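Participant: Provided below are the primary sequence and the corresponding predicted coordinates.
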Amino acid sequence: DAVLGTPLNADTYDYEAAVLWNAHAGALWRRFSTYLRREVAKRAGLSQRRFRDHARVSFAKVAEYQKRGAVHFHAVIRIDGPTGGDTTPPPWATAELLTDAIRTATAKVRVDGPVIDGRTHTFAFGRQLDVRTIRSADFDNGQELTERAVAAYIAKYATKGAETATGALDRPLKFAAELAQLDISNHARRLIRTAWDLGARKSLEHLRLRAWAHMLGFRGHFSTKSRRYSTTLGALRQARADFRAAQEREALGLDDVEPDTVLVLADWQYAGHGH
């Protein structure tokens with residue numbers, strides 16, 4: 001229905017807090033990841049320094065817009081060995097321990113927001129917390145749990161978030177007057193307008209709300225991961241570049257030529273100057 005995700009009464013809906021929530025969602029997640037490592041270490045009976053020698057908390061997450069335009073997160077979180085996913089986690093690193101640490105860290109984390117017109121904003125995660133253990137038997141229809149299956153889970157919510165975003169635009173606004181020409185709901189228009197208006201406040205310059213008004217105030221990446229969760233984006237870019245270079249060599253009949261060999265396929269000649 002067209003009214004799904006829209007307020008029952010737009011005049012009493014807190015658009016200001018909705019935009020500021022999106023603007024602080026990334027900071028809230030970063031603080032949560034710090035708290036989570038502390039909670040896991042506490043349950044293992046280790047200090048923060050000693051914990052690094054025994055285990056590492058890794059994650060991959062996706063930011064998704066709800067129908068109402070508020071950002072929430074889907075994440076895969078795991079405990080690895082001390083150097084990442086290529087090492088076996090310690091025996092105490094159970095799914096139950098991690099679940100309890102996630103619930104505790106989620107309840108504790110807070111991010112102080114700005115004070116606007118005498119009103120203080122503080123941001124925290126709400127009650128909609130769903131923690132599930134990923135097991136081979138029920139994660140992929142009884143199939144063996146693989147890296148590809150976990151990647152597919154993250155990709156599902158990445159594409160779902162792009163399809164269902166309520167009013168998020170594909171480019172930044174240059175002028176507020178552009179809003180009148182956009183084919184979006186009144187709810188989305190008010191969210192964007194609120195972000196634009198808040199962005200004019202000197203005290204909120206650090207949030208860059210005008211630059212991110214088209215994303216309803218959210219400034220983060222749609223998908224992030226901890227450093228040791230999996231391969232790096234740089235390695236993936238290099239793999240794609242190598243693959244395309246191999247395709248090009250094959251198309252030109254240069255399969256037997258070493259990739260680093262420089263071949264001159266044409267030459268340049270001076271033709272003249274002037275108009």
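Facilitator: Yep, that arrived.
Participant: contacts and neighbour counts: CA atoms only from here.
Facilitator: Will do.
Participant: Give me the buried positions along stretch 122-138.
Facilitator: 123-125 (16 or more other CA atoms under 10 Å).
Participant: Okay, and Arg244 sits in which element?
Facilitator: Assigned by DSSP states H and E, Arg244 belongs to helix 233-251.
Participant: thinking again about what came up before, can I get the buried residues of stretch 122-138 in a markdown table with secondary structure?
Facilitator: Output for the buried residues of stretch 122-138, formatted as a markdown table (DSSP: H, G, I helix; E, B strand; the rest coil):
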| residue | secondary structure |
| --- | --- |
| Phe123 | strand |
| Ala124 | coil |
| Phe125 | coil |
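Participant: Closest to Val3 out of those residues?
Facilitator: Phe125 (25.3 Å; CA to CA).
Participant: what about the spatially closest residue to that closest one that is not a sequence neighbour, how many residues close to it?
Facilitator: If the residues on either side of it in the chain are set aside, Phe125 comes closest to Thr106, at 6.5 Å by CA to CA, 6 or more residues apart in numbering. When counting by other CA atoms under 10 Å, one arrives at 22 neighbours for Thr106.
Participant: wait, isn't Thr106 in contact with Gln128?
Facilitator: No. Using CA atoms under 8 Å, Thr106 is not in contact with Gln128, being 10.7 Å away.
Participant: Find residues that contact each of these two.
Facilitator: Shared contacts of Thr106 and Gln128, defined by CA atoms under 8 Å, 6 or more residues apart in numbering, are absent.
Participant: what about the strands in the chain?
Facilitator: 56-65, 71-80, 111-116, 119-123, 223-225 (DSSP state E).
Participant: Okay, now the sheet partners of the second one, with direction.
Facilitator: Based on DSSP bridges, the pairing partners of strand 71-80 within the sheet are strand 56-65 (antiparallel).
Participant: Report the beta-bridge partners for the residue nearest to Asp86 when sequence neighbours are not counted.
Facilitator: Nearest residue to Asp86 in three dimensions, chain neighbours excluded: Asp80, at 7.9 Å (CA to CA, 6+ apart). Beta-bridge partners recorded for Asp80 (DSSP bridges): Arg56.
Participant: Now do Asp80 against Thr232, distance only.
Facilitator: 17 Å (CA to CA, to the nearest Å).
Participant: higher neighbour count, these two?
Facilitator: Higher neighbour count among Asp80 and Thr232: Asp80, with 21 against 12, using other CA under 10 Å.
Participant: got the contact list for the more buried one?
Facilitator: Per CA under 8 Å, 6+ apart, neighbours of Asp80: 55-58, 86-90.
Participant: Next, give me the two most distant ones among those.
Facilitator: The two members of these with the most space between them (CA to CA) are Ser58 and Pro90, at 14.2 Å.
Participant: of the two, who's got more company?
Facilitator: Ser58 (21 against 15).
Participant: Wait, that one touches Thr224, no?
Facilitator: No. Assessed by CA under 8 Å, Ser58 is found out of contact with Thr224, at 11.1 Å.
Participant: In CSV, list the contacts of Asp80 along with pLDDT.
Facilitator: Converted to CSV, these look like this (pLDDT from 0 to 100):
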residue, pLDDT
Ala55, 92
Arg56, 92
Val57, 93
Ser58, 91
Asp86, 76
Thr87, 81
Thr88, 86
Pro89, 88
Pro90, 91
